[in-house]
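Trainee: next input, structure requested:
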Amino acid sequence: MSLAESWRKAVRRELEVAVALRHGLHQEPRLAGDESDTAERVTAAIGAGPGRVVAGTGRLVQLTGEGLPGAVVLRTELDGLPVTERTTVAWASRNGAMHACGHDVHIAALVAVCRAAAHVSLPMPLAALLQPREEGADSGALDVVESGALDGVSAVVAAHVQPQLPPGTIAATPGPVNAAIDEFTVTVRGRGGHSGYPHTVTDSVLAMSSVIVALQQLGARRVDPTVGIACMVNQVRAGSANNVVPDHAVASGTVRTMRETDRQQARDALRDIASAVAAAHGCTAEVRIARGEPPLVNDEHLATRTHLLLEEMGHGVTADFRSFGSDDFAHYCGHTRGLMLFVGTGDARGGLHDATFLPDDSYIAIVADALVAGYCAAADSPN
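Mentor: Numbering: from 1, shown residues only. Below you'll find the model as predicted:
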């Protein structure tokens with residue numbers, strides 16, 4: 001029997017514990033930066049000691065081997081979201097936060113894999129990374145990388161539930177799979193006044209409206225369409241009265257790109273478009289851009305080998321799925337070999353970050369299979 005099959009068999013014996021843990025964590029989620037007690041519950045469930053504190057409220061737990069150099073690290077996220085749950089399960093959240101992104105499923109799967117690891121012989125060291133602050137702007141992954149905690153590791157592997165994929169389908173896609181994200185704020189300034197005398201004002205709202213429409217050029221004309229870009233203005237704020245033209249308007253949103261070269265080009269174009277369009281209306285535009293996560297680029301060999309292993313397990317697998325969502329797992333991919341797998345749940349029960357999103361407990365086993373396959377792929381070609 002192969003390592004993947006024997007480990008997978010051992011995982012099945014741990015699913016009852018994993019499901020119970022998932023329900024408990026789902027009922028009492030913690031927001032980014034407040035995950036210490038979640039980390040304690042998870043390390044206790046793994047049963048390999050408290051591990052090393054990382055990124056303030058996270059943990060790095062060594063399961064096998066005598067040191068992290070050369071280890072394969074399996075990562076899960078600890079935090080929930082500030083979402084009030086709207087499900088009817090008995091174990092629904094009771095504190096106004098929610099695991100609306102599937103992190104409770106990922107945690108449970110990782111715990112099952114780690115517990116089962118005690119019953120198989122692994123060729124490379126194994127560690128579990130319980131990462132905080134995946135959902136926050138203050139990236140837990142970046143802190144882990146910058147701390148040096150993962151220096152010398154062979155690979156980092158994770159799996160994420162994904163309602164955009166058919167139920168049970170696993171995506172093992174080589175190359176870029178998630179986008180870089182930058183948040184931007186555009187402030188257009190003009191000259192306010194009475195709305196009954198439009199010839200006496202320089203209308204910041206009209207100028208901002210044109211800026212918002214013109215920003216669609218970022219996707220239509222500024223980046224190779226075979227790669228793509230997503231620029232979305234999601235907030236617009238202006239004025240305080242119906243008969244007063246405000247002297248300024250503010251819009252904010254995100255721009256997402258799959259390549260670093262496109263990322264810089266998009267930033268430059270955003271500033272150029274906003275300034276030029278505002279100027280055409282007699283206004284000025286100030287653009288502020290906050291750099292977020294980089295593109296998430298999967299190691300090509302890990303993705304290809306994992307694909308084959310998952311097929312051998314009997315899973316439906318695709319190598320084509322990509323998303324303009326972002327994930328701070330990208331920071332690991334820039335530090336060592338990284339592999340992010342996606343496990344399809346379908347969209348019948350809401351999408352990611354939705355108050356009704358609740359993958360079935362059966363997905364714990366599928367996510368666990370993905371993690372096992374990712375480790376085995378890394379062990380097949382240690383770097």
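Trainee: which stretches in the stretch 201-350 of the chain count as helices?
Mentor: Remark: helices assigned in the stretch 201-350 of the chain by DSSP state H, counting those that start in this stretch are 204-214, 217-220, 260-280, 300-312, 330-333.
Trainee: show me what contacts residue 184?
Mentor: 252, 253, 254, 255, 270, 287, 288, 289, 290 (CB atoms under 8 Å, 6 or more residues apart in numbering). To be clear about C-beta, it is placed using only N, CA and C from the backbone, and glycine gets the same treatment.
Trainee: how near is residue 355 to residue 309?
Mentor: For residue 355, the distance to residue 309 (CB to CB, to the nearest Å) stands at 35 Å.
Trainee: now the contacts of residue 184 as JSON lines including neighbour count?
Mentor: JSON lines is the format used below for the contacts of residue 184 (neighbours: other CB atoms under 10 Å):
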{"residue": "252", "neighbour count": "16"}
{"residue": "253", "neighbour count": "19"}
{"residue": "254", "neighbour count": "18"}
{"residue": "255", "neighbour count": "26"}
{"residue": "270", "neighbour count": "24"}
{"residue": "287", "neighbour count": "18"}
{"residue": "288", "neighbour count": "11"}
{"residue": "289", "neighbour count": "15"}
{"residue": "290", "neighbour count": "12"}
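Trainee: all helices of the stretch 1-150 of the chain, in order?
Mentor: In order along the chain, the stretch 1-150 of the chain carries the following helices (DSSP H, counting those that start in this stretch): 3-12, 15-27, 36-46, 103-117, 140-146.
Trainee: list the buried residues of the longest one.
Mentor: Taking 16 or more other CB atoms under 10 Å as the basis for neighbour counts, the residues of helix 103-117 that come out buried are 103-117.
Trainee: tell me how far residue 281 lies from residue 188.
Mentor: 8 Å.
Trainee: what is in contact with the two at once?
Mentor: By CB under 8 Å, 6+ apart, residue 281 and residue 188 have these common neighbours: residue 207.
Trainee: higher neighbour count, these two?
Mentor: Ranked by neighbour count (other CB atoms under 10 Å), residue 281 and residue 188 place residue 188 first, with 32 against 20.
Trainee: one step back: quick one, which of residue 355 and residue 309 is more surrounded?
Mentor: Taking neighbours as other CB under 10 Å, residue 355 and residue 309 compare with residue 309 leading, 24 against 15.
Trainee: so which helix or strand takes in the closest residue in space to that one that isn't next to it in sequence?
Mentor: Excluding its sequence neighbours, the residue lying closest to residue 309 (CB to CB, 6 or more residues apart in numbering) is residue 373, at 4.1 Å. Here residue 373 sits within helix 363-380, counting by DSSP states H and E.
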